[in-house]
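Novice: Okay, predicted coordinates and the sequence, questions at the end:
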Amino acid sequence: MGNDAVVGLVLAAGAGRRMGGPKGLLRVAPTGASFVETAIAHLHEAGVGEVHVVVGASAAHVAALAAQAGGVVVEAAGWGEGMGASLRAGLDALEPTAARAALVMLVDLPDVGTGVHERVLEAAGDTDGDLSSVLVRAAYDGIPGHPVLLGREHWAAIREGAVGDRGARDHLAGPRTRLVECGDLATGRDVDRPTDLPTS
């Protein structure tokens, strides 16, 4: 699979109100990398050549970290609507690229690393035909989560259904989506409140 076949898409536009600030700016350790930098690094390490990062709340601060880590910054003007606006903005930005699929990741999943991305990409490589038709989703103990690999032919329908806090969930609920178990690699749990942060 060539690096230009799959593009990474990190959704990092939320305000993180229950956390007290945008999650992309969080760090597990005071001197460690931010969540947005870590998400970009893991996608690059998995072989995804270009990573786009959707920013919104505190856009300038998150964007600066994303750009420093080699991400392509996309600003979601209507980010306050919810995840749907972020996903639409991200997919719109990917249209001019040569990518056949987008590997979509949320910024607030600190234990989802390179190994998970690699497994999802490997599962797509096992499918027949062009990557444009793939729908692959990581699962943790059988529960669907992120990342998700969205083939280009699905982008228009996903954009149409991405409203409010609904992203690609409805589209991924169909039988065409291949679930890939990754519970041995990560929990897939998001960080929603300060008490959810890893201790090390």
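Specialist: Good, I have the coordinates. Numbers count the residues shown, from 1 in each chain.
Novice: Now do the helix or strand of the chain with the lowest mean pLDDT: which elements does it pack against?
Specialist: Scoring the helices and strands of the chain by mean pLDDT, DSSP states H and E places helix 169-172 at the bottom, with a mean of 90. Where contact means 3 or more CB pairs under 8 Å, 6 or more residues apart in numbering; DSSP states H and E, helix 169-172 is packed against strand 135-140, helix 155-161. Every residue, glycine included, has its C-beta placed from N, CA and C.
Novice: Just say which of the ones you listed is most tucked in.
Specialist: Among the helices and strands packed on helix 169-172, strand 135-140 has the highest mean neighbour count (mean count of other CB atoms under 10 Å), at a mean of 22.
Novice: in its sheet, what does it sit against?
Specialist: Strand pairing for strand 135-140, determined by DSSP bridges: strand 143-151 (antiparallel), strand 178-181 (parallel).
Novice: Could you dump those strands into JSON lines and include distance to residue 112?
Specialist: Listed next are those as JSON lines, based on distance: least, CB to CB, whole Å:
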{"stretch": "strand 143-151", "distance to residue 112": "7"}
{"stretch": "strand 178-181", "distance to residue 112": "12"}
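Novice: So for residue 5, which of the helices and strands packed on helix 169-172 sits nearest?
Specialist: The closest of the helices and strands packed on helix 169-172 to residue 5 is strand 135-140. By CB to CB, the value is 13.5 Å.
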